[in-house]
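Peer 1: Based on what follows, work out the 3D shape:
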Amino acid sequence: MTERNWAGNIAYGAARFHAPATVEELQSIVAAATKARAVGSRHSFNAIADTDGDQISLAALPRVVELDPQAQTVTVDGGIRYGELATILDDAGWAVANLASLPHISVAGACATATHGSGAANGNLATAVSAMEIVVATGDVVEVSRDDDPELMDAVIVGLGALGVVTRLTLAVQPSFAVRQRVFENLPMAAAVDHLDEIMADGYSVSLFTSWRADVVEQVWCKRRVDIDAGDVDAVAARFGASPASVDLHPVARLSAEPCTPQLDVIGPWHERLPHFRMGFTPSSGDELQSELFVHRGDAAEAMRTLVELHDVLAPVLQISEVRSVAADTLWLSPCYQRDSIAFHFTWVPSWSDVEPVLPQVEEALASFAARPHWGKLSTLPGDTLRARVPRLESFAALTTEWDPAGKFRNPYLDNILT
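Peer 2: Below you'll find the model as predicted:
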């Protein structure tokens with residue numbers, strides 16, 4: 001049976017598939033392999049995890065959740081998913097600062113690709129990492145920590161699987177907190193563009209869902225921490241003309257809201273509000289392709305106007321687009337490296353033949369803003385363009401040569417990026 005990613009658009013070409021039950025077994029597999037790649041929860045939409053050699057899942061590794069309340073950290077295994085971790089943490093009275101739209105993704109895979117949630121002050125999920133354990137090409141285990149070598153940590157956290165197989169990560173945690181979520185409908189597009197920073201700052205995590213119509217943003221999802229935001233403050237989106245939704249909604253209007261987290265200002269634990277989708281349900285539409293591009297926050301309004309002009313091109317192939325804010329960081333391969341960013345996410349119809357001619361038009365329209373792609377989603381940008389837009393990409397390529405001189409963890413996806 002052919003192994004595929006979650007969306008079904010990628011058929012993996014590995015000669016052998018492994019699910020080691022111990023780190024020692026993993027070390028032996030890596031040491032013996034000529035080519036190897038780790039695969040996480042398979043929520044990437046491109047061939048980043050593909051190989052013609054040995055593909056390795058960490059899902060069968062023993063679960064590790066080592067909480068250190070004094071240091072306010074938790075150390076986890078490379079196969080654990082955020083949904084699993086969140087429940088354990090919350091039961092112990094702790095939380096991670098942010099979560100992505102769906103809790104189904106693995107911690108290691110999300111951090112390796114700089115996957116993110118939303119929030120003007122929140123960095124991508126990898127910014128929580130302070131230490132890592134990696135099985136490198138020789139099969140040896142290498143430990144890296146921010147305390148010992150902060151520059152190396154910045155280099156390896158968003159590693160795209162190019163340096164080895166991550167078996168442990170240490171993440172920052174904080175005391176558990178409660179969140180209430182409210183959705184607003186039909187925000188005038190002009191207000192969204194003209195007041196974007198104000199809208200994005202009106203909550204711990206804020207998302208705009210739009211089909212890039214010239215007149216309106218269809219939904220605004222505002223998630224507020226109960227310990228930070230007063231309950232009686234009017235939402236900025238409402239002041240600019242949006243109406244509070246009277247029922248729970250799905251970002252894709254034609255779909256049932258059952259898989260979505262509660263939205264009618266009902267207070268709940270952080271891990272049941274920060275994601276858009278609940279564990280146990282198919283996230284998003286479940287039948288889709290995805291792309292995402294990041295621009296500097298200062299360029300976001302003009303970039304939005306550019307995308308509105310593409311509405312007629314986008315409409316036939318776009319299910320919905322999400323606009324989110326992500327804080328700047330120092331991680332070499334983060335799309336938010338040294339710049340506060342606005343992320344433009346595109347949920348496409350599940351037909352690459354239809355999406356393929358449209359995506360380059362989007363990328364070209366955002367080229368003047370030096371848009372950087374999400375590493376786990378679809379892009380047609382060539383390597384030379386990526387190296388021009390990601391300042392530390394060439395430095396990272398040199399590091400991969402040092403750590404993996406034979407190119408054991410390389411594949412065509414990485415070859416495009418790194419050479």
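Peer 1: contacts and neighbour counts: CA atoms only from here.
Peer 2: Fine.
Peer 1: Which parts of the stretch 101-250 of the chain are strands?
Peer 2: For the stretch 101-250 of the chain, the strands defined by DSSP state E, counting those that start in this stretch occupy 129-135, 141-145, 165-172, 174-175, 178-188, 205-210, 216-225, 243-244.
Peer 1: I'd like those strands written out as TSV, with mean pLDDT, distance to R63 and mean neighbour count added.
Peer 2: TSV is the format used below for the strands of the stretch 101-250 of the chain (pLDDT from 0 to 100; distance: least, CA to CA, whole Å; neighbours: other CA atoms under 10 Å):
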stretch	mean pLDDT	distance to R63	mean neighbour count
strand 129-135	98	15	22
strand 141-145	98	18	16
strand 165-172	98	10	24
strand 174-175	98	21	15
strand 178-188	97	26	22
strand 205-210	98	29	25
strand 216-225	97	29	24
strand 243-244	96	41	16
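Peer 1: could I get the ones you listed as a markdown table with distance to G13?
Peer 2: Output for the strands of the stretch 101-250 of the chain, formatted as a markdown table (distance: least, CA to CA, whole Å):
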| stretch | distance to G13 |
| --- | --- |
| strand 129-135 | 22 |
| strand 141-145 | 27 |
| strand 165-172 | 19 |
| strand 174-175 | 41 |
| strand 178-188 | 42 |
| strand 205-210 | 35 |
| strand 216-225 | 39 |
| strand 243-244 | 47 |
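Peer 1: Show me the residue at the heart of this protein, geometrically.
Peer 2: In the chain, the centroid-proximal residue (CA atoms, centre = their mean) is T115; its distance is 2.0 Å.
Peer 1: helices or strands next to the helix or strand harbouring F396 in the packing?
Peer 2: For F396, the element it lies in under DSSP states H and E is helix 393-403. Applying 3 or more CA pairs under 8 Å, 6 or more residues apart in numbering; DSSP states H and E, we find helix 393-403 packed against helix 383-389, helix 412-418.
Peer 1: same question for it, mean pLDDT?
Peer 2: The predicted model assigns helix 393-403 a mean pLDDT of 98.
Peer 1: now do stretch 24-33
Peer 2: 98.
Peer 1: List the buried residues of that stretch.
Peer 2: L26, Q27, I29, V30, A31, A33 (16 or more other CA atoms under 10 Å).
Peer 1: same question, stretch 227-246
Peer 2: Neighbour-count burial for stretch 227-246 flags A235, V236, A237, A238, F240, A242, S243, P244, A245 (criterion: 16+ other CA under 10 Å).
Peer 1: how near is A92 to R168?
Peer 2: 20 Å (CA to CA, to the nearest Å).
Peer 1: oh sorry, the question was meant for M132
Peer 2: Separation of M132 from R168 (CA to CA): 6 Å.
Peer 1: and Q70, how many neighbours?
Peer 2: By other CA atoms under 10 Å, 6 other residues sit near Q70.
Peer 1: chain center to stretch 56-68: distance?
Peer 2: Distance, stretch centre to chain centre, for stretch 56-68: 20 Å (CA atoms, centre = their mean, to the nearest Å).
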